[in-house]
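With the sequence up front, the predicted model follows.
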Amino acid sequence: MVTDHAVTALAVLATILVILPLAFIFGYLLIKGASSLNLNFFIKVPVPEGELGGGMANAIAGSGVLLGIASLIGVPLGIGSGIFLAEFGRGTRLANAVRFTADVLNGVPSIVMGVTAYALIVFPRVRFLPFLGHFSALAGGVALGIMMIPTVCRSTEEMLLMVPHSIREAALGLGVPNWRSTLSITVKTASPGIITGCMLAFARVAGETAPLLFTALGNEFWSTSVNDPIAALPLQIFNYSISPYEDQHRMAWGGALVLIVLIVLAVSLVRFVTSRGVLKGNS
Amino acid sequence: MAHRAACTLWVLGRPLVRLQWGKPGDSCEFLLVCILFFIAVTCLSQLPGSLKCVDRTVPEIRVAQSLPEPEAVHSPEHQAAAVAGHSEIRRYLLARGNSAGADRLFKVLMTLCAISIFLIVALIAYQLVDKSQMNWARSGLKFFYTAVKDPVTGQPQYWDPVNGNFSAIPFIYGTLVTSFLSLFFAVPLAVGVAVFLTEMCPGFLRAPLSFLTELLAAIPSIIYGLWALFILVPLLRQYANPVLNKTLGWTGLFGSDNPTGLGYLASGVILAIMVLPIISSLTREVMTAVPQSQREAVLALGATRWEMIRMGVLRNARIGIVGAIILGLGRALGETMAVLMVIGNTPEVHKSLLANGATMASVIANEFAEAFSDLHRSALVEIGLALFVVTIIVNIFAQLLIWAVTRGTPSRAH
């Protein structure tokens, strides 16, 4: 019995030790971040090093542009392959291979994605393609978009598998063509779950820094052009945190707080939607 | 509707008119095809359904007559159909009607979407191999295990971009040290948390606690890095490192020549916090997959709760737990930002865990944008290629192990 109690105590201790860093991280983010947030933070661009003031408006806008490009690439491809896995390829060898490849892609380190996007878009210089050959928001967006595909794909597949067959058959029985019934009936029924998956993928790539280091590169000025280097929130946090200036450290904490609030909101929303059981009722 | 289609076409068409394909094998073609392709998918979803095209004369339903004979139920075709999830009525409905062309197009599009995942992985591999050719041609496999010796001092020169001497040894060493250090810290904690959450936790605590551990996985690595750089490293520098050096300095693992607090140990600790939620959530998954009857059987034999957990649960789930640990290892190997910020970034090999170092991922992140020469860049890409191959192998191995347990095959062997 002594061992029994000891093990229980150890397990409780382990749980506390795990929760502790979380509390630490959130505590410091709140204390250090909240004190450096003000209106200027959201509406001003950075000031030269050593000066006080300024904000991260360009980084917030830049993150928006990057995530927009990433969603434009990741969401349609992910949903499309999810539809293939759930509707057309069930049980086939091709579907198993795709599922496996998606898992492989999910495990590829983000820095390797950055190298690939660099090799694809930043490196080649083609005469008639002005968006190649230099650091650009496009390159960063492509790297992030590729990282979104596996998450979106697998969650779309899981959600579509939950949609009962009778709904599909009812649509087909009314004479709706298969593609139309898939898009307007099946996908629509599963759409809360699919949106959840997209949000998860979004939250995952929103904080990615490594693939942006040498694709989007960062920008001290206001820029929303797809063709130019662009600032991003995580990138700016990184640049500020390794700088020697106290004021920039302050800005880094503020940016980190903004980033984590966005991500926690997305994750909580996901949890709320899934716990409400949007899809549980219609099995 | 028509307006939107016209706008899309115009926006798309403008660059296409000017477009000239690059030389064969140029990768931009692939990207354009991808973009065109999903725009086509979106356009397709906007078309009105061809409801009015349905045959007016509803054909006589012959489903009942074409049902297979009872003895034919186990025929391979029927089983294949059941696997494919298509009932008789559905197949009948699919074969009827005059939207077969649109359906086929839709299927082809979705299949292309799925195949694009293959293409992306192949493209990543191709680009990494292609861009690392220069360094591969120069040093081959030796890149990973030898280094040029300095003629004067006799010290190995691992990473010397100015003279063009490159060797991956310090980065492989750094990656291995930090990853295993992180597993050393994370595995006992993760298994403890999983045991607590699945076997001991009162019901009202389970949901919030599991949410909190999952939240750890949602925090981006840059925030871990920021926290580690400003909070963890000063703590280590002030309290942990002197104590370690005093008590365990004789082993040589905790030398005192680094006053910054950065280094392998700090990276290992922050990596441990980052891989913990992955290991614990997967361990929980495999522990939940152990059938309840196993627990009941062990308890009925008079075991205490710990004996039940040890013999009934952990024993049956051990292969899956190993899989979870390996998956955590895969994450730790490729983790970049947090490590980059606290490891110190010096391409050297040190026995002391308190010394500065560099990992494969951190050196790419640190030097790629300002690479000294093409050779330097290609050496960095080759490190990326090695990272890619290793993480793929590690991930596949882990997936196989977890799959084996959640399928229940090995645990039933007992």
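Arrived safely.

Of all residues in the stretch 151-300 of chain B, which one is closest to chain A?
For the stretch 151-300 of chain B, the residue closest to chain A is residue B:220, as judged by Cβ to the nearest Cβ, at 2.2 Å. The way it works is simple: take the backbone N, C-alpha and C, and place the C-beta from them, glycine included.

Over to that residue: give its phi and psi.
The phi/psi pair for residue B:220 (degrees, to the nearest 10) reads phi -70, psi 150.

That one reaches residue A:212, doesn't it?
No - the criterion here is Cβ atoms under 8 Å, and residue B:220 misses it with residue A:212 at 11.7 Å.

Please identify which of those two sits among more neighbours.
residue A:212 (32 against 24; other Cβ atoms under 10 Å in any protein chain shown).

Which neighbours do residue B:220 and residue A:212 have in common?
Common contact partners of residue B:220 and residue A:212 (Cβ atoms under 8 Å, 6 or more residues apart in numbering or on different chains): residue A:234.

Could you say which helix or strand holds residue A:273?
helix A:246-275 (DSSP states H and E).

Give me the number of neighbouring residues for the nearest residue to residue B:245 once chain neighbours are set aside.
Spatial nearest neighbour of residue B:245, chain neighbours left out: residue B:256 (4.5 Å); criterion: Cβ to Cβ, 6 or more residues apart in numbering or on different chains. Counted by other Cβ under 10 Å, the residues lying close to residue B:256 total 14.

Quick check: the gap between residue B:256 and residue B:280.
34 Å (Cβ to Cβ, to the nearest Å).

Leaving out chain neighbours, which residue sits closest to the residue of the stretch 251-400 of chain B found nearest chain A?
When scored by Cβ to the nearest Cβ, the stretch 251-400 of chain B has residue B:334 as its residue closest to chain A, at 2.6 Å. Spatial nearest neighbour of residue B:334, chain neighbours left out: residue A:109 (2.6 Å); criterion: Cβ to Cβ, 6+ apart.

and residue 139, what element?
All of this is about chain A. Short version: residue A:139 belongs to helix A:137-162, going by DSSP H and E.

Wait, chain B was what I had in mind.
helix B:133-139.

what does that helix rub up against?
With contacts defined as Cβ under 8 Å, 6+ apart, helix B:133-139 is touched by B:143, B:166, B:374, B:375, B:378, B:379, B:381, B:382.

Out of these, name the ones that lie in helices.
B:374, B:375, B:378, B:379, B:381, B:382 (DSSP state H).

how about the helix holding residue B:139 as PDB, C-alpha atoms only?
Listed in PDB are the C-alpha atoms of helix B:133-139, where the atom choice follows Å, rounded to 0.1, in the frame of the first residue of the first chain:
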ATOM      1  CA  GLN B 133      24.700  19.000 -54.700                       C
ATOM      2  CA  MET B 134      27.600  21.300 -54.500                       C
ATOM      3  CA  ASN B 135      28.600  20.300 -51.000                       C
ATOM      4  CA  TRP B 136      27.800  16.700 -51.700                       C
ATOM      5  CA  ALA B 137      30.100  16.700 -54.700                       C
ATOM      6  CA  ARG B 138      32.800  18.300 -52.600                       C
ATOM      7  CA  SER B 139      32.800  16.200 -49.500                       C
END
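
Okay, buried residues for it please.
For helix B:133-139, the neighbour count (16 or more other Cβ atoms under 10 Å in any protein chain shown) marks B:134, B:135, B:136, B:139 as buried.

got a pLDDT number for the first one?
It refers to residue B:134. Residue B:134 carries a pLDDT value of 92.

Please state the offset of the helix holding residue A:139 from the chain centre?
In this view, helix A:137-162 has its centroid 9 Å away from the chain centroid, taken as Cα atoms, centre = their mean, to the nearest Å.

looking only at pLDDT, what's the mean for the helix or strand that it is followed by?
Where DSSP H and E defines the elements, the next helix or strand beyond helix A:137-162 is helix A:165-173. Across helix A:165-173, the average pLDDT comes to 87.

Ok, stretch B:101-114 next?
pLDDT averaged over stretch B:101-114 gives 90.

ok, now stretch A:104-118?
93.

Mind listing what's buried along that stretch?
So for stretch A:104-118, counting by 16+ other Cβ under 10 Å, buried means A:104-105, A:107-118.

and what of stretch B:149-157?
B:156, B:157.

could you dump it to PDB, C-alpha only?
Output of stretch B:149-157 as PDB, limited to C-alpha atoms (Å, rounded to 0.1, in the frame of the first residue of the first chain):
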ATOM      1  CA  LYS B 149      42.300  19.600 -38.600                       C
ATOM      2  CA  ASP B 150      44.000  23.000 -38.100                       C
ATOM      3  CA  PRO B 151      47.600  22.500 -39.100                       C
ATOM      4  CA  VAL B 152      49.000  24.700 -36.300                       C
ATOM      5  CA  THR B 153      47.000  23.900 -33.200                       C
ATOM      6  CA  GLY B 154      45.800  20.400 -34.200                       C
ATOM      7  CA  GLN B 155      42.300  21.300 -33.200                       C
ATOM      8  CA  PRO B 156      39.500  20.200 -35.600                       C
ATOM      9  CA  GLN B 157      37.900  23.000 -37.600                       C
END
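
mean confidence score for it?
The model assigns stretch B:149-157 a mean pLDDT of 84.

one step back: and the helix holding residue A:273, what other elements does it pack with?
The contact analysis (3 or more Cβ pairs under 8 Å, 6 or more residues apart in numbering or on different chains; DSSP states H and E) places helix A:246-275 against helix A:39-43, helix A:191-206, helix A:233-241, helix B:203-218, helix B:221-227.

For that helix, the averaged confidence score.
86.

Any buried residues in that helix, and which?
Under the neighbour-count rule (16+ other Cβ under 10 Å), helix A:246-275 has A:247-260, A:262-263, A:266-267, A:270, A:273 buried.

could you check the distance from residue B:328 over to residue A:198?
Counting by Cβ to Cβ - residue B:328 and residue A:198 are separated by 26 Å.

Once you drop chain neighbours, what's closest to residue B:199?
Here the residue nearest residue B:199, using Cβ to Cβ, 6+ apart, is residue B:309, at 5.5 Å.

Can you read off the pLDDT for that neighbour?
92.

show me what contacts it?
Per Cβ under 8 Å, 6+ apart, neighbours of residue B:309: A:7, B:195, B:199.

And for residue A:233?
A:56, A:59, A:60, A:62, A:63, A:206, A:255, A:258, A:259.

same thing but at 10 Å, please
Applying Cβ atoms under 10 Å, 6 or more residues apart in numbering or on different chains, we find residue A:233 in contact with A:56, A:58-64, A:66-67, A:206-207, A:209, A:212, A:255-256, A:258-259, A:262, B:220, B:222.

distance of it from residue B:295?
47 Å.

Same question for residue B:352.
46 Å.

returning to what we had before: output those of the contacts of helix B:133-139 also counted as contacts of chain A.
residue B:381 (Cβ under 10 Å from any Cβ of the partner chain).

Buried among the contacts of helix B:133-139? Need that as a selection in PyMOL.
Buried residues among these (16+ other Cβ under 10 Å), as a PyMOL selection:
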select buried, chain B and resi 143+166+375+378+379+381+382
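
Can you tell me which of the contacts of helix B:133-139 is nearest residue B:346?
Of all those, residue B:346 sits closest to residue B:166, with 15.3 Å by Cβ to Cβ.

Quick check: closest non-adjacent residue to the closest one.
The nearest residue in space to residue B:166 (Cβ to Cβ, 6+ apart) is residue B:379, at 4.1 Å.

doesn't residue B:144 make contact with that neighbour?
No - the pair residue B:379 / residue B:144 is not scored as a contact, 11.2 Å apart, by Cβ atoms under 10 Å.

Low-confidence stretches in chain A?
By pLDDT under 70, the weakly predicted segments of chain A are A:274-283.

repeat that with 80
A:1, A:50, A:267, A:269-283 (pLDDT under 80).
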